[in-house]
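> Structure for this input, please:
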Amino acid sequence: MYHQILQYLQLLIKSGSKDHLLTFTVSSHDQICVSIVVLLLARQLRSKDGHRHVAKLAEPDAIYGRELQEPLVPGSCVVIRGTIRPQCKRFAINLIHVKTPYKSDIVFHFNPRLALRYIVRNSRIGNSWGDEEITSIEKFHLDRKKAFDLQIVATQTEFLVAVDGRHVCAYVYRVPLERVNRIEVEGAIDVAGIDQKHVDLYPESSIENIPFIVTDLETPADQKLVVPITAELPKGFQEGWQLEIIGRVKILPSSFYINLQQGKTLWPHPLIPLHLNPRFYTSYGNHLFVRNAWMNGEWGHEECTPGFQFTPGQKFHLAIRMNPDTFGVWVDGILAGEFQFRTPTHTIDTVYIHGDVQIRSICLKDHIDDKYFSKGRERINVKL
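Take a look at the predicted model:
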């Protein structure tokens, strides 16, 4: 019986004729059920005029592709300008290593998914996709019917991606950078142009990247600070001074970080004497408040202390005190930890804040101020 069904399907697909419907006999309940399934399949395979029909997939979106003008090296920047069509659900920008006319790897797959409002990053090596990266500490800024300017900057270790001048994500190389020799764009977007240039720093200076100037006064309520924040310390950060940051953790956070650093760029990587990084729901099964420093081209040993001072959706008041040989970190009037100097601190001229946090105020005082640190949490909340 089953052999007869297989022969029937092969005949039906070849001819598409109605004359071949149910040309076999059935003799049992099971066979009748199978016959009904075959009939339904036949109707799916036939069009209304009785001719052979294979269900059509959606028409493929246009693909734009071209060879790169020159090999990528640290400092190479690929700029893609375009407009997202109204029907677009997702699109992809692929940096590709073409091995032969019939064989290639996708070194970097940048795949915004508009319905879900996140960006997938991945690589396809030897016809096998790797692990997707989807987390981002930057809000999704790509919208239908709007133009965009996207930059992919190559560094020594990773791609850095900016949308309309704002840093979005980083992607550590899984394939050597020099292998990239082609770019392709696919999806329901209109490509206005693709350029390749060299940059000396990232992100480039633009109206979106004008730094906020920190003073000894709290930020006015009508001045909105938008994360990521690059805040300039005109007089640096000296011994006996206190930096205060008032903010609120987002409701579903992954992490955020606060850097006291030298310079305003992400690349070349700045010297960071102090890196504060609250991490929520880590693989260790609990939250971590990490402190570290970037020096000599790499991160040092992470430090953590027991306890976690940040709550999703809740406000906080953080103070960093410059002691003679340590940074004192206070959260809501409680000492959260101290961090021994590992690098010279006189180089600090910038506060950089990124991640799942909203910032209301940043101010720098030229003295230690205890007014927040002798009060209970209920009184701090009144101020916040």
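> domain ranges for the protein?
For the chain, automatic domain parsing gives the domain ranges 2-45, 63-198, 211-383.
> Buried residues of stretch 106-117, list them for me.
Ile106, Val107, Phe108, His109, Phe110, Asn111, Pro112, Arg113, Leu114 (16 or more other Cβ atoms under 10 Å). Every C-beta, even on glycine, is put in place using the N, C-alpha and C of the backbone.
> Mind checking which of these are in strands?
Using DSSP state E, the subset of the buried residues of stretch 106-117 located in strands is Ile106, Val107, Phe108, His109, Phe110, Asn111, Pro112, Arg113.
> hang on, isn't His275 packed against Phe289?
No - at 11.4 Å, His275 does not count as touching Phe289 under the criterion of Cβ atoms under 8 Å.
> all helices for this structure, in order.
2-15, 29-45, 377-383 (DSSP state H).
> quick one: low-confidence parts of the protein?
Along the chain, the model assigns pLDDT under 70 to residues 1-62, 137, 205-209, 283-285, 371-384.
> tell me, what residue is most central in it?
Closest residue to the average C-alpha location of the chain: Ser136 at 3.1 Å, with Cα atoms, centre = their mean.
> And that one, how close does it get to Asp370?
Using Cβ to Cβ, to the nearest Å, we find Ser136 at a distance of 38 Å from Asp370.
> what does Leu288 give?
Taking Cβ to Cβ, one finds Leu288 at 28 Å from Asp370.
> now Asn286
31 Å.
> Identify the residues contacting the residue lying closest to the residue nearest to the centre of the chain once chain neighbours are set aside.
Nearest non-adjacent residue to Ser136, counting by Cβ to Cβ, 6 or more residues apart in numbering: Cys169, 5.0 Å away. Neighbouring residues of Cys169 by Cβ atoms under 8 Å, 6 or more residues apart in numbering: Ile119, Arg121, Glu133, Ser136, Glu138, Leu160, Val161.
> how does it look with 10 Å?
110, 119, 121, 133-138, 158-163 (Cβ atoms under 10 Å, 6 or more residues apart in numbering).
> Show me the two of those residues that sit farthest apart.
Farthest pair in the contacts of Cys169 (Cβ to Cβ) is Ile134 and Ala162. Separation: 17.9 Å.
> more crowded one of those two?
Ala162 (24 against 13; other Cβ atoms under 10 Å).
> so who does the more buried one touch?
77, 79, 138, 149-153, 168-169, 202-204, 206, 208-209, 266.
> If we use 6 Å, what do you get?
Gln151, Pro203 (Cβ atoms under 6 Å, 6 or more residues apart in numbering).
> swap in Asn181?
Counting by Cβ under 6 Å, 6+ apart, Asn181 touches Leu68, Val98.
> if I look at it, how far off is Leu72?
Distance from Asn181 to Leu72, by Cβ to Cβ: 9 Å.
> swap in Ile362?
For Ile362, the distance to Leu72 equals 37 Å [Cβ to Cβ].
> Can you say which two of the ones in strands among the buried residues of stretch 106-117 are spatially most distant?
Val107 and Arg113 (20.2 Å).
> residues near Pro176, how many?
10.
> The one 10 residues further on too?
Using other Cβ under 10 Å as the criterion, Glu186 is surrounded by 17 other residues.
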